[in-house]
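**Q** got a structure for you, letters missing:
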């Protein structure tokens, strides 16, 4: 009894700071990964992985999915266990609400009621994140983003079956682009995924528009085609749905992705964008010398990134 009492009074040990993490991206059957190692304030890539899964994380047994993920990791020589995971953008559901004049303490209850009425799935079945932006006229809007708890739990089980320790779940495009634009410098960000194109618009630290265009990508491998006509139309529709004070500040389309199909898209869509008064900017990689670590919420860097991502983050002991 005395020994048990002494054990219960021990102070918890200080967590060791890790210098590396595995960044994984799931998108349809595509699995991509990078091992990032912290060196002098930068995150250097020390190993990488690109593979096609023969199993579906949402329909196959998580143990089976985990075994295949582990096989791909072993084949790439990746031993890192802690992982940060980007989920498919197509899993996200969005709901945007203008905040009325309310006391700060009443806002969570108001947004919960809006989620109850606005989402197609019960809010208790979703993990919700919120992103806030304010228009020049003072109106404040909140974008609520929901991810199915069941989807996330299945992915988590598969990762644990692969002997991985997931420490965060998020969406990739907001991390790539970041909702940190200043008024008058907004961009439309596009990310080419396995079977879809992600589109994001932000304003002064908040997400205004975020969705996946599922029917813009066809074919397979080097024969894959991205429908530039459809994508240009979707960009025009997106601009038309933005608040006017945000829309007038958009002058650039930032295209993330590489490969021959993205090269073809850039060539085809640039004149269409120019006709809309937009300039196309290609982003194929981060600057040489490593990826700069993002500051924590409240610090320097892209404002809004950490505060938007935080509700999705699940730090596991």
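**A** Noted; the coordinates are in hand. Note that the coordinates shown come from a computational prediction; the quantities given were computed from them, not determined experimentally.

**Q** now do the buried residues in stretch 133-149.
**A** Using 16 or more other C-beta atoms under 10 Å as the test for burial, stretch 133-149 gives 133, 135, 141-148. Glycine gets a C-beta too; all of them are placed from N, C-alpha and C.

**Q** pLDDT of the host helix or strand of residue 233, averaged?
**A** Per DSSP states H and E: residue 233 is located in helix 228-241. Mean pLDDT, computed over helix 228-241, is 93.

**Q** same for it, what does it pack against?
**A** Judged by 3 or more C-beta pairs under 8 Å, 6 or more residues apart in numbering; DSSP states H and E, helix 228-241 is in contact with strand 187-192, strand 197-203, strand 206-213, helix 260-275.

**Q** one step back: and the buried residues of stretch 133-149, which two are furthest apart?
**A** Across the buried residues of stretch 133-149, no pair lies farther apart than 135 and 148, at 30.7 Å, counting by C-beta to C-beta.

**Q** domain map for the protein?
**A** 20-88+150-171, 178-285 (automatic domain parsing).

**Q** quick one: the longest one to chain centroid distance?
**A** Taking the mean C-alpha point of domain 178-285 and that of its whole chain, the gap between them comes to 15 Å (C-alpha atoms, centre = their mean, to the nearest Å).

**Q** one more: stretch 81-92?
**A** Mean-position distance between stretch 81-92 and its chain equals 7 Å (C-alpha atoms, centre = their mean).

**Q** partner residues bridging the spatially most central residue of the chain?
**A** Central residue check for the chain by C-alpha atoms, centre = their mean: the C-alpha nearest the mean position is that of residue 171, 1.7 Å away. Counting by DSSP bridges, residue 171 is bridged to residue 87.

**Q** spit out the contact partners of it.
**A** Neighbour list for residue 171: 86-87, 89, 92, 145, 210, 312 [criterion: C-beta atoms under 8 Å, 6 or more residues apart in numbering].

**Q** picking that back up, include distance to residue 103 when you put the domains of the chain into a markdown table, please.
**A** Shown next, in a markdown table, are the domains of the chain (distance: least, C-beta to C-beta, whole Å):
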| stretch | distance to residue 103 |
| --- | --- |
| domain 20-88+150-171 | 31 |
| domain 178-285 | 21 |
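
**Q** among those domains, which is nearest residue 97?
**A** The nearest among the domains of the chain, by C-beta to C-beta, is domain 178-285 at 12.1 Å.

**Q** nearest to residue 100, of the domains of the chain?
**A** domain 178-285 (16.7 Å).

**Q** ok so, going back, how about the domains of the chain, which one is nearest residue 108?
**A** domain 178-285 (17.0 Å).

**Q** residue 264: what's it in contact with?
**A** 225-226.

**Q** from residue 92, how far off is it?
**A** Residue 264 sits at a distance of 27 Å from residue 92 (criterion: C-beta to C-beta, to the nearest Å).

**Q** quick check on the residue nearest to residue 116 when sequence neighbours are not counted: phi, psi?
**A** Spatial nearest neighbour of residue 116, excluding adjacent residues (C-beta to C-beta, 6 or more residues apart in numbering): residue 123 at 5.7 Å. Residue 123 adopts backbone torsions of phi -60, psi -30, taken as degrees, to the nearest 10.

**Q** what segments of the stretch 51-200 of the chain are strands?
**A** 82-87, 93-98, 126-134, 140-148, 165-171, 187-192, 197-203 (DSSP state E, counting those that start in this stretch).

**Q** ok, back up a step: for the residue nearest to residue 116, which residues are in contact?
**A** 112, 115-116, 146.

**Q** sorry, back to before: and the domains of the chain, which one is worst for confidence?
**A** Across the domains of the chain, domain 178-285 gives the lowest mean pLDDT, at a mean of 85.

**Q** can you tell me which residues contact the closest residue to residue 51 other than its chain neighbours?
**A** Nearest non-adjacent residue to residue 51, counting by C-beta to C-beta, 6+ apart: residue 72, 4.3 Å away. By C-beta under 8 Å, 6+ apart, the residues touching residue 72 are 31, 49, 51, 53.
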